[in-house]
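K.L.:
What shape does this take:
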Amino acid sequence: MTKPAKTKLPFEVWALVAGGFAVALGYGVVAPAIPQFALEFGVSNFAASAIVSAFALMRLVSAPFAGWAVARMGERRTYTIGILIVAGSTGAAALAANYTQFVALRAAGGIGSTLFTVAATALLAKVSPVESRGRVASLNAAGFLLGGLFGPVLGGAVAAFGLRAPFVFYFLTLVAAAIIVAIALRGSHAAGSPQARAGTAGQNGSSGEEAELTLRQAFSIPQFRVLLFSVFSFGWSSFGVRVSIIPLLVAVSFGGDATMAAWILAAYALGNAVFIFPAGRWNDSVGRKPMLIIGLIVLTASYAVMGFAPSLVALAVVMLFAGAGSALANPGQQAVLADVLARRRGGNVVAAYSMSSDLGGVLGPAIAGAIVDAAGFGWAFALTAALLAAAGAFWCFTTDSRKITA
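P.N.:
Predicted structure coming up:
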């Protein structure tokens, strides 16, 4: 195994990692409370899990707009506007008087979430050094995952003040993230609007033109097509089923409350934290393909047995392994996207990547929630495992993305 040379990373990377940590910390606090807060309005398990789907659905339908916004306004402004939209809708959700209001506010937050996610992903892909794309992806994931590790633990304490308190806490962390990124990227040439970048380039005697990868060109790349299915499966499992069905499993099968659900989700985050930094190095040295396959195998096995855990302790152990699998696979997916873009502009390409993940996040909680009501938790997790296994199989027959020629 060849150890990649250390490269100094652009300051934009560190700013986005800090912002990501603040976002994930707040989301880790609020995630266990979302479905259980919905149950307070007297709705079914399906309706409670659909809260997650409503958020992801708005992320999905607004992704093309996010790609347009990045092209028009630049990454910094798009990120800041998006995260403030999420903050406002989250703060208002703490005051929701009924299920309908709660759904509408979470859906509105999905629009802002797409804006800042697409902006951050596009900027990271643009500024990542070629030889350190796996490292950048793992650092970015680590910011979110460390927030996800501490968030659920902190969430148990916050939830002691009531199920509305986590939403207030999340509002505050979102505002903090917006301030961090807006200030840190204020002088960034890469994060500015295309017009500003062109003007600066013209003053320096260059044309100011940036190469752009169109969505049609991206679809001609086999690795991108497989990537879309892979992030769909990952979105279904990690961003959908995990945050919607696991808290319900804890409540229904084990009689646990929001605090116990937070500890179970924290086990997943711990598995992530242990492997996320090594996974970044391995993606740059061993390659994207091996790490994606191994990570998806671990995830498949974890979700296959998740519904049959005999106790909360056993469930926590399974979640620990699932988190490890996620850490091995997710940086590879982000690194593949950077390989495909090859330092070119591609707002619509990033939007398609985001849409695939969000489509999984929309369908996963809704379909899994319906299966839980009809047939039980075991079948819902079995379907999730099948999707992850299919993604791993597709990567087996795909060339490593580091061999893509720009």
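
K.L.:
Find the nearest non-adjacent residue to L145, please.
P.N.:
N272 (4.1 Å; Cβ to Cβ, 6 or more residues apart in numbering). For every residue, glycine as well, the C-beta is placed using N, CA and C.

K.L.:
do A122 as well
P.N.:
Nearest to A122 is V350, by Cβ to Cβ, 6+ apart, at 4.6 Å.

K.L.:
Would you agree that neighbour is in contact with V340?
P.N.:
No - counting by Cβ atoms under 8 Å, V350 stays clear of V340, with 9.9 Å between them.

K.L.:
ok, those two, which is more surrounded?
P.N.:
V350 (29 against 23; other Cβ atoms under 10 Å).

K.L.:
what residues does stretch 340-352 touch?
P.N.:
With Cβ atoms under 8 Å, 6 or more residues apart in numbering as the test, stretch 340-352 has contacts from 63-64, 66-68, 70-71, 118, 121-122, 125-126, 128, 130, 194, 210-215, 218, 221, 223-224, 227-228, 337, 401, 404, 406.

K.L.:
ugh, typo on my part, it should be stretch 253-269
P.N.:
Residues outside stretch 253-269 that contact it (Cβ under 8 Å, 6+ apart): 28, 31-33, 36, 145-146, 148-149, 151-153, 155-156, 159-160, 163, 242-243, 246-247, 250-251, 311-312, 315-317, 319-320, 322-323, 326, 377.

K.L.:
mean confidence score for stretch 272-286?
P.N.:
Averaging pLDDT along stretch 272-286 gives 87.

K.L.:
Revised request: answer the last question for stretch 298-314.
P.N.:
pLDDT averaged over stretch 298-314 gives 92.

K.L.:
ok, back up a step: and the contacts of stretch 340-352, which of them are buried?
P.N.:
63-64, 66-67, 70-71, 118, 121-122, 125-126, 128, 194, 213, 218, 221, 223-224, 227-228, 337, 401, 404 (16 or more other Cβ atoms under 10 Å).

K.L.:
I'd like to know how far the spatially most central residue of the chain sits from A31.
P.N.:
Computing the C-alpha centroid of the chain and ranking residues by Cα atoms, centre = their mean puts F239 first, at 6.5 Å. Using Cβ to Cβ, to the nearest Å, one obtains 10 Å as the distance from F239 to A31.

K.L.:
go on, S138?
P.N.:
Applying Cβ to Cβ to S138 and A31 gives a distance of 22 Å.

K.L.:
before we move on, what about I297?
P.N.:
26 Å.

K.L.:
out of the two, which sits in the busier spot?
P.N.:
A31 (26 against 16).

K.L.:
G151 is in contact with the more buried one, correct?
P.N.:
Yes - assessed by Cβ under 8 Å, A31 is found in contact with G151 at 7.5 Å.

K.L.:
Low-confidence ranges, this protein, go.
P.N.:
Counting by pLDDT under 70, the low-confidence segments of the chain come to 1-6, 148-149, 187-210, 405-406.

K.L.:
so where do the strands sit in it?
P.N.:
Along the chain, no stretch is classed among the strands by DSSP state E.

K.L.:
Restricted to helices, list the buried ones among the contacts of stretch 340-352.
P.N.:
Among the buried ones among the contacts of stretch 340-352, DSSP state H puts 63-64, 66-67, 70-71, 118, 121-122, 125-126, 194, 218, 223-224, 227-228, 337 in helices.

K.L.:
what's near enough to touch R242?
P.N.:
R242 neighbours (Cβ under 8 Å, 6+ apart): 265, 268, 322.

K.L.:
Now the buried members of the contacts of stretch 253-269.
P.N.:
28, 31-33, 36, 145-146, 148-149, 151-153, 155-156, 159, 163, 242-243, 246-247, 250-251, 312, 315-316, 319-320, 322-323, 326, 377.

K.L.:
who's in contact with F394?
P.N.:
Taking Cβ under 8 Å, 6+ apart as the criterion, F394 is in contact with 226, 229-230.

K.L.:
Out of these, flag the one nearest to V86.
P.N.:
Distance ranking of the contacts of F394 against V86, using Cβ to Cβ, places S230 first at 25.7 Å.
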